[in-house]
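Engineer: Sequence and computational prediction follow.
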Amino acid sequence: MPGRRVLLGWLQTLVGAAVLAALVWKLGSGPFIDGIMAVDARAVAAAMVITLGTTLCCAWRWQLVARGLGQYLPFGPAVAAYYRSQFLNSVLPGGILGDIHRGVDQGSRDGNVGGGLRAVAWDRAAGQGVQLLLAVLVLTLLPSPLHRFGAVLAWIVLALAAALTALLLWPPSSGARWWARVLPAVASDLRHGLLTRRAAPGIVLASTGAVAGHTAIFLIAAGAAGATATAAQLLPLAMLVLLAMSVPASIAGWGPREGAAAWAFMAAGLGAAQGVSAAVVYGVLSLAACLPGAVVLLVAWLHRDRHRVPMRRGQGAAGGVRHG
């Protein structure tokens, strides 16, 4: 089992590396360098303010999900933990290790690591589900060369909705097979946790706010990279790129985002190089905006180290008494 996880982690990293290598081979390093050089202080400041709002939305959603699953999660620590997980996702391969750390840390505090991971998994799933639905609406309603792709996403949403409805109406009985054990638990979490009147509206609202914030940052990034298209023209492209970012196969978030941006901008007649530059600016802005998460990590490390020193000293003194 650990071997499979390591192999999966390497495959995720290799996919991201392969996408980046293909883009450099096809377009050269110019779009990447142009994107880095296009970042300025105003864009970074705007991204940090917007990311504060999106982090508050995400922390609220996580709190609602955890509460629906019977877990207690204070809002302040949830915000700090979310900043930390976003920073780790931005610097570690795969794009999900920060969320795993968030779930393990919260679960350890509650004495239920499995429950903590389950809450984080549903938090991510709820956010991506709302994001997918919003992408369908934008790609379907706004005129865009990607209009047909919206129809494909609409069929995916319908299939997922049908599967969830069937699961809620006819949950399988428990049995020896893994799916017979997991699916009833999934149905129970949905029915009693996420889809209740107390939780569902807030989860949808918080997810919508987070998607709006990420989209705004991408529009800022595209403008900084030199895109002359209007916001209405860029919005469908941004939604598609944001969906690609949710694919857990990247190098600290890099790879699928740049590949999707290159394809979407090329399809819209704006040029693949322009899309890569916009995605690079977005990546740099996102990393800068998540730096408060590094502060959270540093404070936690100093706090733990400060508590370990007296313990070691006490152990040494006790040891001296015993040997004396």
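Structural biologist: Structure's in. What do you need? Numbers count the residues shown, from 1 in each chain.

Engineer: low-scoring pLDDT stretches of the stretch 201-324 of the chain, where are they?
Structural biologist: Counting by pLDDT under 70, the ranges of the stretch 201-324 of the chain that qualify are 305-324.

Engineer: Please enumerate the helices of it.
Structural biologist: Assigned by DSSP state H, counting those that start in this stretch, the stretch 201-324 of the chain shows helices spanning 231-245, 256-267, 272-289, 291-323.

Engineer: Nearest to residue 136, out of those helices?
Structural biologist: With C-beta to C-beta, the closest approach to residue 136 among the helices of the stretch 201-324 of the chain belongs to helix 231-245: 8.9 Å. Every residue, glycine included, has its C-beta placed from N, CA and C.

Engineer: buried sites along the closest one?
Structural biologist: Across helix 231-245, burial judged by 16 or more other C-beta atoms under 10 Å covers 233-245.

Engineer: Turn these into TSV, columns for distance to residue 11.
Structural biologist: Below are the buried residues of helix 231-245 laid out as TSV (distance: C-beta to C-beta, whole Å):
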residue	distance to residue 11
233	35
234	32
235	33
236	30
237	28
238	28
239	27
240	24
241	22
242	23
243	20
244	17
245	18
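
Engineer: for the most centrally placed residue in the chain, what are its contacts?
Structural biologist: Of all residues in the chain, the one closest to the mean position by C-alpha atoms, centre = their mean is residue 246, 6.1 Å from it. By C-beta atoms under 8 Å, 6 or more residues apart in numbering, the contact list for residue 246 reads 128, 131.

Engineer: I'd like to know how far it sits from residue 29.
Structural biologist: Residue 246 is 27 Å from residue 29, where distance means C-beta to C-beta, to the nearest Å.

Engineer: Also residue 147?
Structural biologist: 33 Å.

Engineer: So which of those two has more stuff around it?
Structural biologist: residue 147 (13 against 9; other C-beta atoms under 10 Å).

Engineer: Can you tell me the closest non-neighbouring residue to the more buried one?
Structural biologist: residue 139 (6.5 Å; C-beta to C-beta, 6 or more residues apart in numbering).

Engineer: how about that neighbour, secondary structure?
Structural biologist: Assigned with DSSP: H, G, I helix; E, B strand; the rest coil, residue 139 falls in the helix class.

Engineer: Over to residue 72. Which of the three states is it?
Structural biologist: coil.

Engineer: surely it meets residue 66?
Structural biologist: Yes. Using C-beta atoms under 8 Å, residue 72 is in contact with residue 66, at 7.5 Å.

Engineer: Which of these two has more residues huddled nearby?
Structural biologist: residue 66 (24 against 10).

Engineer: per-residue pLDDT, the more buried one?
Structural biologist: As predicted, residue 66 sits at a pLDDT of 95.

Engineer: for residue 8, same thing?
Structural biologist: At residue 8, the model reports a pLDDT of 65.

Engineer: all numbers from here: first residue = 35
Structural biologist: Yep, numbering from 35; the last one is residue 42 now.

Engineer: For residue 128, list the residues it contacts.
Structural biologist: Applying C-beta under 8 Å, 6+ apart to residue 128 gives the contacts 43, 46-47, 282-284.

Engineer: my guess is it is in a strand, correct?
Structural biologist: No. Per three-state DSSP, residue 128 lies outside any strand segment and is coil.

Engineer: Would you mind measuring from it to residue 285?
Structural biologist: Relative to residue 285, residue 128 is positioned 9 Å away (C-beta to C-beta).

Engineer: shared neighbours of these two, anything?
Structural biologist: Joint contacts of residue 128 and residue 285 (C-beta under 8 Å, 6+ apart) are residue 47.

Engineer: what's the spacing between the helix or strand containing residue 223 and its chain's center?
Structural biologist: In this structure, residue 223 sits in helix 212-223 according to DSSP states H and E. Relative to the centre of its chain, helix 212-223 is centred 24 Å away, using C-alpha atoms, centre = their mean, to the nearest Å.

Engineer: who does it touch, helix- and strand-wise?
Structural biologist: helix 181-203 (3 or more C-beta pairs under 8 Å, 6 or more residues apart in numbering; DSSP states H and E).

Engineer: re the thing from before, if I look at the residue nearest to residue 181, how far off is residue 331?
Structural biologist: From residue 173 to residue 331 the distance is 37 Å (C-beta to C-beta).

Engineer: Who has more neighbours out of these two?
Structural biologist: residue 173 (24 against 16).

Engineer: From residue 184, how far out is the more buried one?
Structural biologist: In terms of C-beta to C-beta, residue 173 sits 3 Å off from residue 184.

Engineer: check contacts around the residue lying closest to residue 293 once chain neighbours are set aside.
Structural biologist: Excluding the flanking residues, the one nearest residue 293 by C-beta to C-beta, 6+ apart is residue 53, at 4.3 Å. Contacts for residue 53 (C-beta under 8 Å, 6+ apart) come out as 289-290, 292-293.

Engineer: Touching, residue 233 and residue 100? I think so.
Structural biologist: No. Using C-beta under 8 Å, residue 233 is not in contact with residue 100; the gap is 9.9 Å.

Engineer: Residue 162 is in contact with residue 245, correct?
Structural biologist: No. Between residue 245 and residue 162 there is no contact under C-beta under 8 Å: 9.7 Å.
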